[in-house]
Structure formats: structure tokens, C-alpha cells
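> predicted model follows, preceded by the sequence.
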Number of protein chains: 2
Amino acid sequence: MTEPVFRRLALIGIGLIGSSVARIAGERGDLAGEVVANARSQATLDRVMELGIADRVELDPAKAVAGADCVMLCAPVGTYEALAQAIAPHLAPGCVLTDVGSTKQSVIRDVGPHVPAGVHFVPGHPLAGTEYSGPDAGFTTLFQGRWTLLTPPPGTDAGAVEKVAELWRRCGSMIEVMEPGHHDRVLAIVSHLPHLLAFTICGTADALEDESRQQVLKFAASGFRDFTRIAASDPVMWRDIFLNNREALLEMLQRFTEDAQAMARAVRWGDPEYIEHRIQQGRAIRKSLIELKQA
Amino acid sequence: MTEPVFRRLALIGIGLIGSSVARIAGERGDLAGEVVANARSQATLDRVMELGIADRVELDPAKAVAGADCVMLCAPVGTYEALAQAIAPHLAPGCVLTDVGSTKQSVIRDVGPHVPAGVHFVPGHPLAGTEYSGPDAGFTTLFQGRWTLLTPPPGTDAGAVEKVAELWRRCGSMIEVMEPGHHDRVLAIVSHLPHLLAFTICGTADALEDESRQQVLKFAASGFRDFTRIAASDPVMWRDIFLNNREALLEMLQRFTEDAQAMARAVRWGDPEYIEHRIQQGRAIRKSLIELKQA
């Protein structure tokens, strides 16, 4: 069998992403010799042991990272600063510290200053997910054919970056290295803004007078149904993403709002050519996605 | 075998909805004794004959409706007024005239005045669809478990309403009779606004500077991907829907925009409780949909 990438992998947080990595590690055997799982609650850790997806569980993150040669933060990004403070003194020399958060500038801002000398910090983000969360939600094919973006700060040890890349490749993922600000801008439009819109339209529907609200639920047509699926995602995780990608998200929302107002104006004043042209643009984007196999 | 609901069914327009009805009629044999298909182009009608989903095709809508005891308009709603003018003199006495358009006040406004005495006008709307269009897109299970809303004007013959209801029931649909203004308001939030938002975000992404645009396509994460699927729907059909449900659509967009701005404000000024509360609302709506089996 191929040598594992890491001797001991500590997963700090064991929800959809963390438990998928744990399952893949268990199935393949070549990600890590040993998997240690940490979560905020003992109930989650009990469930992890029931599921049999980690070799060991630790409620104290400091104990979870001790002796690990890879520590992967898989918790909501709003918890990273406190986690980094708690684990920093316990990270083994030469250890690789990585993460899976959806915002990368904030992670570098919150975690970077706490990383001890001799520890390699390789921020990462697998572009994969479903609307489900928790240790039961993970599955081994989650990352297959999907991209993982790595945003190592300048000067990061190339060997450490390659090890993280290799771990994700063995999970079925493709790798791209990217500048963190650029990552945050791209993610703002492909993921964070769509989620904000989906959460918002559910709120707008929820605020309708009672009869209409009931009928919205009863007659949810395909457009709204798809939005509610997106909107079923984990609230704390998404709250933290919005707050930690503020600049890029607000800018994309502003652009979107201008575009929506232009569409509203065309509807109000009856401009069929404009409306049709904008709809055609959407179809063109969809066609490109299908060609790039990201549809 | 059960007696067919109609002797001769004329489908004016044979895209996703029309060709699905035609396929069900062919498979079951108890919707109509004969199915006549009309389309704007001979190429479409040639394809319909190749597919073998109609008994007869007619390029002239006046000829298509002659002798039919049910005429179903399945074209974009913007074509209805001209179609109604063209077919009105050729509708057989006692014929049932129905439609499948997504806007119901506009249909009553555009078609109603042309309906000859002795012809029964029963506007309808099956809440079913995919992002595909054209005669190849239809399939026999499209309407199963989905609602069809009927909005007959006051005084419509109850027998005619029942026949249209029975046709849709035999397509697998559930029936609800609704006031047309109420229909348009509910559809504005569950279908028309989600489509407008999906088309708009695709346009916003398309307008990004070139490097980001390429990366949006490359790294389309799940939120955006779902939006592009919605946005792949037929441009002319959706253009017509937006223009023909203007008041309700603009009002729902206005409410949505206010809610999105409130979310933006909470992101800008860092109000985690507000953001989390709004996200929780989305999850609650999703949960209700799953309970109502509309998810």
C-alpha cells in the first residue's frame, strides 16, 4: 500500500467536510496512519465513535492536536481565532496546519499570527458540500471531481503545500493554488452571494401574510424549491462566512442589486429585448459550465 | 378502457408542457381520442411527427382547432392575444378553451374578450417544468404529484371546469381552483422572482472582469451551479411571464430587495444574531416543504 501522507491527522470539527475526510481516510488507509477527531460537544464525539469514522476522539482541542503532523480546522470560520490560540502551544514542530474554510483572507488574519515558528500553515478550501451538516452527513465521494483551492501565504514551505495537495488528490479532488483575496472574490459570487439570496427569499416568503405564506409552501414551484434547498445549509457556518468575507460579498451584492434593478426597470417599462438578452446571458453561462463539467 | 375526456384535443404549441401532455395522451388513450399539434414552425411539426407524439399536425392554428372539443394554449403567454384572435372564429360550439400559462390575469385579459359565446374558457397552470424546452423535452411523468391550478372566471360552466380538471388528474396532477390575482401573487414569489434572481446573478457573473469570469466558470460552487440550472430555462417564455405579471413580480422584488439590504446592513455592521435568525427562517421553510412533500 502507498505510504500515508500523514502519520496522525487531527480534525478540529467533524461535520460534513471533516467527517467526509475521516471516512475517506478510513476507507483508503493512505491519507493518515491515525485520525483524531475533535468537536465542541461530547455528544458529537460519541456519535463519531458510534459511526467508527475516527481512531480516537478528544474533547480538548489542545489534546487532539498533540503529536499530530497534520491539523485540519473543519469548524465554522468564526471559531478559528479562538481555536488557533488554544492549539498553538501544542502544535508539534514541523506540523502542517491547514483548514477547509470558505473565506481565506479572514483565516490568514485570524490564524496566521498564532502559528508558531516551525509549523507550516497551508490554508485550503475544498469546493464541495451539500445542504446537510454534522458527522452523519459526510460521505466518501464528496470531493470527487471537485476543486480544492489552496492559498498558502508567501514563503510557505513547498513540501507542506504539496502534502496538503496530495491529501486532497487522494480524496478525489483537483488542486489549484490561488491568492487569498482573489479566492474570496470568486467565492463571493459563486457561493456566498447565491446563499445570501436563497436565505433572503425564504425570509421574504416567510413574511407574507398568512394565507399567501401557506400557499407558497403548498405550491412551491421549482424555482423556489431549489432556493430552499440551498437555504437549508448550516446557519452558524454561513453566518460566519458572511461576516468574514464582508467586503467582497457586499460588493457583489451591490453589483447584483444594480443588475436586478435594471431588470425591474425593463419589466416596469416593458423592454422585451433587454429582458430576453439578460436571460440569454444566463443560458450562455450554463452552457459554459456544462462544457467545463462543473454543471 | 375509460372513455377519453375529450374527442379531439388541439395543442397550440408543443414544447415541454404540450409535448408532455401529447405523450401522456398517446400512452394512456383516455385523455383524448385524437391529438392535433400546432407550432409556429414546420420544422417543429416535422419533429413532432418523427417523435410520433401527435395524430396530426397543422401549421395554421385556425385549422388545428377546427372540430376540436378541447383547445389548449401551450405557447409563451405573450403570443396568446394574437392566437386568440386567430382561432376564435374557428372554435367549435361547446369547445373547452384552456391554457398552461404561468400568468393568469394576463391570460384572462388577452384571451377572454375573444372567446365566442358557447365556448368555455378555463385558464389553467400546471406547476411543473424543467430547464429544458421544445418537443423533445417532454416526458410522461412531468405532472405526477404536482399541482395544476385552475382560474375559471366567475360563471364558467362547471362541467367544462371538471373536464379540464379530469384531464390533469389523468396526467397525475392534483387540482386546485384559485382566484387569478391570487395565483399571480403566489407564483410571483415561488417561481417568477426566483427565476429573475437566477437570470440576474448569471448576468452579474458574466459582467465580471475577464480573469474572474473565467474562474467563476471554473470554480462554480454548488450555490451558483443551482442558479445557472434555473437560468437555463426558455428565454422567450420567461420574458413573456415577467412582462405579464409585472405588478406582482415588481412588488415581490421590492420586498426581496428590502430584505437583502437588511441582510447587507447586518453583514456590514456585524450583527451575527440577525444573520443567523434570517438563515434559520430559510431552514424552517425548507422543513415545511419536506413535510408537505413539495421539496
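Nice, I can see it.
> in contact with the residue in the stretch 51-200 of chain A positioned nearest to chain B, which residues?
Nearest residue of the stretch 51-200 of chain A to chain B (C-beta to the nearest C-beta) works out as A:Pro194 at 3.0 Å. No exception for glycine: its C-beta is placed from N, CA and C like everyone else's. Applying C-beta atoms under 8 Å, 6 or more residues apart in numbering or on different chains, we find A:Pro194 in contact with A:230, B:201, B:223-224, B:226-227.
> flag whichever of those residues scores worst on pLDDT.
Within the set of these, pLDDT is lowest for B:Gly223 (78).
> show me which residues of the stretch 1-150 of chain A sit near chain B.
A:78, A:127-131, A:147, A:149 (C-beta under 8 Å from any C-beta of the partner chain).
> which of these are buried?
Listed as buried from those are A:78, A:127-129, A:131, A:147, A:149; burial here means 16 or more other C-beta atoms under 10 Å in any protein chain shown.
> just the ones in helices from these, please.
Within those, no residue falls in helices by DSSP state H.
> can you give me the helices for the stretch 151-295 of chain A?
Along the stretch 151-295 of chain A, counting by DSSP state H, counting those that start in this stretch, helices occupy A:158-170, A:180-187, A:193-206, A:210-218, A:222-230, A:235-244, A:246-269, A:272-291.
> CSV for those helices, including distance to A:Arg7?
Converted to CSV, the helices of the stretch 151-295 of chain A look like this (distance: least, C-beta to C-beta, whole Å):
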stretch, distance to A:Arg7
helix A:158-170, 11
helix A:180-187, 28
helix A:193-206, 37
helix A:210-218, 52
helix A:222-230, 38
helix A:235-244, 29
helix A:246-269, 37
helix A:272-291, 39
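> which one, of the ones you listed, ends up nearest to A:Thr44?
helix A:235-244 (13.6 Å; C-beta to C-beta).
> would you mind pulling up the elements that that closest one packs against?
Using 3 or more C-beta pairs under 8 Å, 6 or more residues apart in numbering or on different chains; DSSP states H and E, the elements in contact with helix A:235-244 are helix A:193-206, helix B:246-269, helix B:272-291.
> so where's the stretch 1-150 of chain A uncertain?
A:1 (pLDDT under 70).
> I figured A:Val122 hits A:Lys104, correct?
No: look at A:Val122 against A:Lys104 with C-beta atoms under 8 Å: they stay out of range, at 11.1 Å.
> out of those two, which sits in the busier spot?
Comparing A:Val122 with A:Lys104 by other C-beta atoms under 10 Å in any protein chain shown, the one with more neighbours is A:Lys104, at 26 against 23.
> grab the nearest non-local neighbour of that one.
A:Pro180 (4.0 Å; C-beta to C-beta, 6 or more residues apart in numbering or on different chains).
> how close does the one you found sit to A:Ala75?
19 Å (C-beta to C-beta, to the nearest Å).
> look at those two and report which has more neighbours.
A:Ala75 (26 against 21).
> if I look at the more buried one, how far off is B:Arg169?
51 Å.
> what of A:Glu247?
54 Å.
> please identify the most buried of the helices of the stretch 151-295 of chain A.
helix A:193-206 (a mean of 26; mean count of other C-beta atoms under 10 Å in any protein chain shown).
> I figured A:Thr204 was touching B:Ile189, is that so?
Yes: the pair A:Thr204 / B:Ile189 is scored as a contact, 7.0 Å apart, by C-beta under 8 Å.
> quickly list what's touching both of the two.
B:Met252.
> per-residue pLDDT, A:Arg225?
A:Arg225 is given a pLDDT of 84.
> close enough to count as contact, it and B:Leu289?
Yes: A:Arg225 is in contact with B:Leu289 according to C-beta under 8 Å; the separation is 6.7 Å.
> quick revisit: out of the helices and strands packed on helix A:235-244, which comes closest to A:Gly13?
Comparing the helices and strands packed on helix A:235-244 by C-beta to C-beta, helix B:272-291 comes nearest, at 17.8 Å.
> show me what the closest one is in contact with.
Under C-beta under 8 Å, 6+ apart, the answer for helix B:272-291 is A:78, A:131, A:198-200, A:202-203, A:205-206, A:217, A:220, A:225, A:228-229, A:231-233, A:235-236, A:238-239, A:242-243, B:259, B:262-263, B:266-267, B:295.
> that helix vs helix A:235-244, what angle?
With axes from the mean of the first three to the mean of the last three C-alpha atoms, to 10 degrees defining the directions, helix B:272-291 sits at 140 degrees from helix A:235-244.
> what's the spacing between helix B:272-291 and its chain's center?
From the chain centre to the centre of helix B:272-291 is a distance of 28 Å (C-alpha atoms, centre = their mean, to the nearest Å).
> got the CA positions of it in CSV?
Taking Å, rounded to 0.1, in the frame of the first residue of the first chain, the C-alpha atoms of helix B:272-291 are listed here in CSV:
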residue,chain,number,x,y,z
PRO,B,272,-24.5,37.9,13.9
GLU,B,273,-27.8,37.4,15.6
TYR,B,274,-29.8,39.0,12.8
ILE,B,275,-27.9,37.0,10.1
GLU,B,276,-28.4,33.7,12.0
HIS,B,277,-32.0,34.4,12.6
ARG,B,278,-32.7,35.0,8.9
ILE,B,279,-30.8,31.8,7.9
GLN,B,280,-32.9,29.9,10.4
GLN,B,281,-36.0,31.1,8.7
GLY,B,282,-34.9,29.6,5.5
ARG,B,283,-34.3,26.3,7.1
ALA,B,284,-37.8,26.4,8.7
ILE,B,285,-39.4,26.9,5.2
ARG,B,286,-37.4,24.0,3.8
LYS,B,287,-38.5,21.8,6.6
SER,B,288,-42.2,22.7,6.0
LEU,B,289,-41.7,21.9,2.3
ILE,B,290,-40.3,18.5,3.1
GLU,B,291,-43.3,17.8,5.4
